[in-house]
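Enquirer: what shape does this take:
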Amino acid sequence: MNTDTDTKTDTGSGTAPVRFDTKIAVLLREDLETWQRLNVTAFLVSGLGSERPEVIGEPYADADGTPYLPMFRQPVLVFEGTKETLAAAHGRALSRSLPLAVFTSGLFATGNDRDNRAAVRAVGRERLDLVGIAVHGPRNAVDKVLKGARMHP
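Expert: Predicted coordinates for the structure are as follows:
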């Protein structure tokens, strides 16, 4: 995806807000502890940048020239919902072939990437105990995926 066609900007003063044609969203199960919400969100969004490099902006630097890593070039919206809302959103994202990251409850018991992947692989799609998903795609498609979810407080 070309990042030039993914945004709409004001060509005048350059001070108009940028509106993105795509959306990055995380949906968390509402019964997670605070530390779990933060951990799940961090893990989920890490998958999007590797699969969709166009969501990553340019590197940062401060006034002294100290370099910093690039970050997403657009906001990440965080939502919450019930276990059923999460399962429905998962199915809708798959049916729309949107890039999707998943975090299951079993991942809280593992301590490394290999075991994380094995824990997901051990369970069929319909039986995944999802605690979070991250999705990226056209705004309207992501909005449809998130139907029934509410913005995280």
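Enquirer: center of this structure - which residue?
Expert: residue 134 (3.1 Å; CA atoms, centre = their mean).
Enquirer: show me the contacts for it.
Expert: 24-27, 41, 44-45, 47-48, 100-101 (CB atoms under 8 Å, 6 or more residues apart in numbering). C-beta: built from backbone N, CA, C; applies to glycine.
Enquirer: show me which pair in those is furthest apart.
Expert: Greatest spacing in those, by CB to CB: 41 and 100 (14.8 Å).
Enquirer: pLDDT wise, what is residue 49 at?
Expert: You'll see residue 49 listed with a pLDDT of 85.
Enquirer: next one: residue 1
Expert: Note on residue 1: pLDDT of 36.
Enquirer: just among the contacts of residue 134, which is most surrounded?
Expert: Ranked by neighbour count (other CB atoms under 10 Å), the contacts of residue 134 have residue 27 at the top, with 29 neighbours.
Enquirer: surely it meets residue 82?
Expert: No. Contact criterion CB atoms under 8 Å: residue 27 and residue 82 do not qualify, at 10.5 Å.
Enquirer: CA atoms only for whichever helix in the chain runs longest - export them in PDB, please.
Expert: As assigned by DSSP state H, the longest helix anywhere in the chain is helix 34-51. The C-alpha coordinates for helix 34-51 follow below in PDB (Å, rounded to 0.1, in the frame of the first residue of the first chain):
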ATOM      1  CA  THR A  34      -4.600  -3.400  33.800                       C
ATOM      2  CA  TRP A  35      -1.200  -5.000  33.400                       C
ATOM      3  CA  GLN A  36      -2.700  -7.600  31.000                       C
ATOM      4  CA  ARG A  37      -4.400  -4.900  28.900                       C
ATOM      5  CA  LEU A  38      -1.100  -3.100  28.500                       C
ATOM      6  CA  ASN A  39       0.900  -6.300  27.800                       C
ATOM      7  CA  VAL A  40      -1.700  -7.600  25.300                       C
ATOM      8  CA  THR A  41      -1.900  -4.300  23.400                       C
ATOM      9  CA  ALA A  42       1.900  -4.100  23.100                       C
ATOM     10  CA  PHE A  43       2.200  -7.600  21.800                       C
ATOM     11  CA  LEU A  44      -0.700  -7.300  19.400                       C
ATOM     12  CA  VAL A  45       0.400  -4.100  17.700                       C
ATOM     13  CA  SER A  46       4.000  -5.400  17.300                       C
ATOM     14  CA  GLY A  47       2.700  -7.800  14.700                       C
ATOM     15  CA  LEU A  48       1.100  -5.100  12.500                       C
ATOM     16  CA  GLY A  49       4.400  -3.300  11.700                       C
ATOM     17  CA  SER A  50       6.100  -6.400  10.500                       C
ATOM     18  CA  GLU A  51       3.300  -7.500   8.200                       C
END
